[in-house]
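Asker: Let me see the structure of the following:
(2 chains)
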Amino acid sequence: MKLGLPTFLRTTTFKLALLYSAMFAAFSAALLVYLYYSTVYYIRNESDRRLDLEFEQLGNAYYTGGMERLSQSVLERMTRTGSTYFYYLEDSSGRKIAGHFQRMPVAPPEVDSKTVYFDFDQPEPDGSMIVRSAAGKFVRLRDNGGALLVAFDTAQQTAIVVRIQRAIFIAAPIGLVLSLLGGVLISRGAASRADELARTAEAVMGGELGRRVPVRGSGDEFDRLGQRINAMLDQIEKLVDATRNTGNAIAHDLRSPLSRLRNRLEIALSQPLSQEAASATLNETVEEVDRVLATFNAILRLARLEAGAEGERVRMDVSELAEELAELFDPACEEAELTFRSQIARHLMILGDRDLIGQALSNMLDNAVKYTPAGGTISFTAARGPDGTIDLTVVDSGPGVPQEARKTVVQRFQRLDSARTQPGSGLGLSLVDSVADIHGGELILRDAGGPPGQPGLKAILRLPRA
Amino acid sequence: MTPDTLVDDTVVGDTMRVLVIEDDAEMASFIEKVLVEAGHSVDTAIDGERGLELARSVDFDALVVDRMLPAKDGLTLLKEYREAGGKTPALFLSALGDVQNRVQGLKAGADDYLSKPFAPSELAARVEALGRRQVGEPQVTSLKAGDLEMNLLTRKVTREGKKIDLQPREFRLLEYLMRHAGQVVTRTMLLEKVWDYNFDPQTNVIDVHISRLRAKIDKEFEEPLLHTVRGAGYRLQG
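Answerer: Residues are numbered from 1 along each chain as shown, chains lettered A, B, ... in the order given. Take a look at the predicted model:
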């Protein structure tokens, strides 16, 4: 899905970029205005200071030597090379005594002094005249009535200001365009990440449950969001799988016993039955229904387990539970003419659900009791395993499980052919496997090392230690 | 079990008046039949509203409440009943059998929980046990069943004055049986109440423990006290 421009203009990222550009522009403008005024102010100030200095020196000449000394001083300054000042001195009657100008360019003040700005024509070496601007101070001389003008050419000052203005007028639009462009680029990048999320969501909605958000590994918020979404999708996929599997299992494993049931009832209906035969048939039927219900419950339980919907894990002493179960199973083993040995290390702590762990261990023990022929041995141990684990192990001296069948034996409803004659839903070890799974552990099946033909099974429920 | 009864005769105990709140007509009549056969009188309500009304207006000995009900579900019904001060013990029925649902039911004010489908004898035994509970369990220091005596303080058990040595678990098993003397208790009840297990250990572990206990309390005596009730559970003769 490619974003069209109008859509793009509506995105949050673009709006943010626009806002940042505007803020950047406002800040830059304020900075430039400040720079402009402070520069202009500085230049003016500096000129004023130097003008004052000029007057101070000329004033000294006037006070020490009168008009004569002053006019001399003015003439000296006019001829001094490199002087940037213009001078004009007149007497009380308004006659020119000395100065750059033919005649007074501006009217002198009646008393004291005034700041003056004026234009004047200056002859160039080629005979033409150019108009120049000047700024300065006109002072009425005390006691004497004459007047003195000192001014400087403002061309240089103006040039600097103009240059600054031009720089501002050129730089500002470029800066604005660049900041907008940068904003757009950045928001484009963000928008494309958001786009990836949207595309993944669409693909998943379209049935592609395995699709995941690409994660770049930069650890930014989009990556974090992507990881969360991926984890959520994993969970959803697991749930959907569990539901699908449950459906399959129900179809597969409940259909045949239900058909058997139906057949039995059909046969019973088709022939006249004695009271005794009828009640025998009904008894068998009830038993069959009970088995179907047990299988059904087991399927539901497994499905809930696999979906992670069951079990509340708390820190628990698994040794206590193991001791209890050993005590619970010991007499049953004796009854079945089996030797039962248990060795439970004390205070093995795990993070687990007591009922689930109990059910798993019971299934392992029950399995051993069922498949071990009379005279055999069952041992139950709980001990520390490798790498911070706890091993809960049941070893029997039964027929064992061949290497190639060990994977399938923990899958649902897989029972070895030889075991078909034994009662059970075939869900025992799959449940142990699921319980191990949700506790972050594993179910390990091995040969117990017995004689050929009767190697025995060693089942280890390995759980992380808490 | 004779073909026309659901519950073994030996289950029949004290007569109670039981209110069954269940919307499924077939299930309701099944429960009614089971409880009537066990010697109780039964009233039924087919939705939560009516059930709550009836439970409040009539003094029943026990309530049997289904979880999913029209008008008012079982959890809400129980909560409201208890909040209004209703004391009648209740058995909660549900097709949802997992642990969380059981905990929810007990929290809402149920005294016991039974998941569907259940055996008739299981239902009868649990309702019977509820009735006993209502009488209350006063702080007794000793229990007695026939000539069997148990001192809860010294943890001494004697029969006809002869001392009987019990393992701690056997002691708790016998204590539970004696507290429910004359009543049928099922294997599941024993697993739940004596072992505190909410899972099914599958192998006939309870039977074996019972037969060991029986060897200790009955073997050397003329009259057996601990009986097996076929298809249901066990009963300690009162």
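
Asker: May I have the secondary structure class of residue A:120?
Answerer: strand (DSSP: H, G, I helix; E, B strand; the rest coil).

Asker: what does chain B put close to chain A?
Answerer: Applying C-beta under 8 Å from any C-beta of the partner chain, one finds that chain B approaches chain A through B:3, B:97-100, B:117, B:169, B:195, B:197-205, B:208-209, B:211-212. Heads up, the C-betas are built off the backbone N, CA and C, glycines and all.

Asker: Could you tell me which of those count as buried?
Answerer: B:97-99, B:169, B:195, B:197-205, B:208-209, B:212 (16 or more other C-beta atoms under 10 Å in any protein chain shown).

Asker: what's the residue nearest the centre of chain B in contact with, if anything?
Answerer: Most central in chain B under C-alpha atoms, centre = their mean is residue B:126, positioned 2.3 Å from the mean C-alpha point. By C-beta atoms under 8 Å, 6 or more residues apart in numbering or on different chains, the residues touching residue B:126 are B:91, B:112, B:114, B:186, B:189.

Asker: among the residues of chain B next to chain A, which are in helices?
Answerer: Judged by DSSP state H, the residues of chain B next to chain A include B:99, B:100, B:169, B:205, B:208, B:209, B:211, B:212 as members of helices.

Asker: Confidence-wise, which helix or strand of chain B is lowest on average?
Answerer: None of the helices or strands of chain B scores lower by mean pLDDT, DSSP states H and E than helix B:120-135, at a mean of 79.

Asker: should've said chain A
Answerer: helix A:5-10 (a mean of 66).

Asker: quick one: which two of the contacts of residue B:126 are the most distant?
Answerer: Within the contacts of residue B:126, two members stand farthest from each other by C-beta to C-beta: B:91 and B:186, at 13.0 Å.

Asker: follow-up on the earlier one: quick check: the residue nearest to the centre of chain B vs residue B:90, distance?
Answerer: 11 Å (C-beta to C-beta, to the nearest Å).

Asker: got any residues that touch both of the two?
Answerer: Counting by C-beta under 8 Å, 6+ apart, the residues touching both residue B:126 and residue B:90 are residue B:112.

Asker: Provide a complete list of residue ranges assigned to helices in chain B.
Answerer: In chain B, the helices defined using DSSP H lie at B:25-37, B:48-57, B:74-83, B:99-107, B:120-135, B:168-179, B:187-193, B:205-217.

Asker: Using PDB, list the CA coordinates for the fourth one.
Answerer: Once side chains and other backbone atoms are set aside, the C-alpha atoms of helix B:99-107 remain, and they are given as PDB (Å, rounded to 0.1, in the frame of the first residue of the first chain):
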ATOM      1  CA  VAL B  99      -9.300 -24.800  38.000                       C
ATOM      2  CA  GLN B 100     -10.100 -21.200  37.400                       C
ATOM      3  CA  ASN B 101     -13.800 -21.800  37.100                       C
ATOM      4  CA  ARG B 102     -13.800 -23.900  40.300                       C
ATOM      5  CA  VAL B 103     -12.000 -21.100  42.100                       C
ATOM      6  CA  GLN B 104     -14.500 -18.500  40.800                       C
ATOM      7  CA  GLY B 105     -17.400 -20.700  41.900                       C
ATOM      8  CA  LEU B 106     -16.000 -21.100  45.400                       C
ATOM      9  CA  LYS B 107     -15.300 -17.400  45.700                       C
END
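
Asker: That one - what's its average pLDDT?
Answerer: The average pLDDT within helix B:99-107 is 81.

Asker: okay, how far is it across stretch A:329-344, tip to tip?
Answerer: Counting by C-alpha to C-alpha, to the nearest Å, you get 14 Å between the two ends of stretch A:329-344.

Asker: can you list the residues that contact it?
Answerer: Identification of contacts with stretch A:329-344 by C-beta under 8 Å, 6+ apart yields A:319, A:322-323, A:326, A:365, A:369, A:372, A:374-383, B:201, B:203-205, B:208-209, B:211-212.

Asker: ditto for stretch B:76-91
Answerer: Residues outside stretch B:76-91 that contact it (C-beta under 8 Å, 6+ apart): B:19, B:21, B:48, B:51-52, B:55-56, B:59-65, B:69, B:72, B:92, B:105, B:108-114, B:123, B:126-127, B:130-131, B:133-134.

Asker: mind showing which ranges of chain B have poor pLDDT?
Answerer: B:1-14, B:96-99, B:132-139 (pLDDT under 70).

Asker: ok, residue B:161 to chain A distance?
Answerer: To chain A, residue B:161 is 28 Å away according to C-beta to the nearest C-beta, to the nearest Å.

Asker: can you list the residues of the stretch 151-300 of chain A near chain B?
Answerer: A:275, A:279, A:293, A:297.

Asker: which of the residues you listed has the weakest pLDDT?
Answerer: Comparing these by pLDDT, residue A:297 comes last, at 75.

Asker: And the helix or strand hosting that residue, what does it pack against?
Answerer: Assessed by DSSP states H and E, residue A:297 sits inside helix A:275-306. The helices and strands touching helix A:275-306, judged by 3 or more C-beta pairs under 8 Å, 6 or more residues apart in numbering or on different chains; DSSP states H and E, are helix A:221-270, helix A:428-438.

Asker: Comparing those helices by mean pLDDT, which bottoms out?
Answerer: For those, mean pLDDT drops lowest on helix A:221-270, to a mean of 81.

Asker: chain center to that one, what's the gap?
Answerer: Helix A:221-270 sits 35 Å away from the centroid of its parent chain (C-alpha atoms, centre = their mean, to the nearest Å).

Asker: and the angle for it with helix A:428-438?
Answerer: Between helix A:221-270 and helix A:428-438, the angle comes out at 160 degrees (axes from the mean of the first three to the mean of the last three C-alpha atoms, to 10 degrees).

Asker: what packs against helix A:221-270?
Answerer: Checking 3+ C-beta pairs under 8 Å, 6+ apart, helix A:221-270 ends up next to helix A:155-205, helix A:275-306.

Asker: so residue A:324 makes contact with residue B:195?
Answerer: Yes. Between residue A:324 and residue B:195 there is a contact under C-beta atoms under 8 Å: 7.1 Å.
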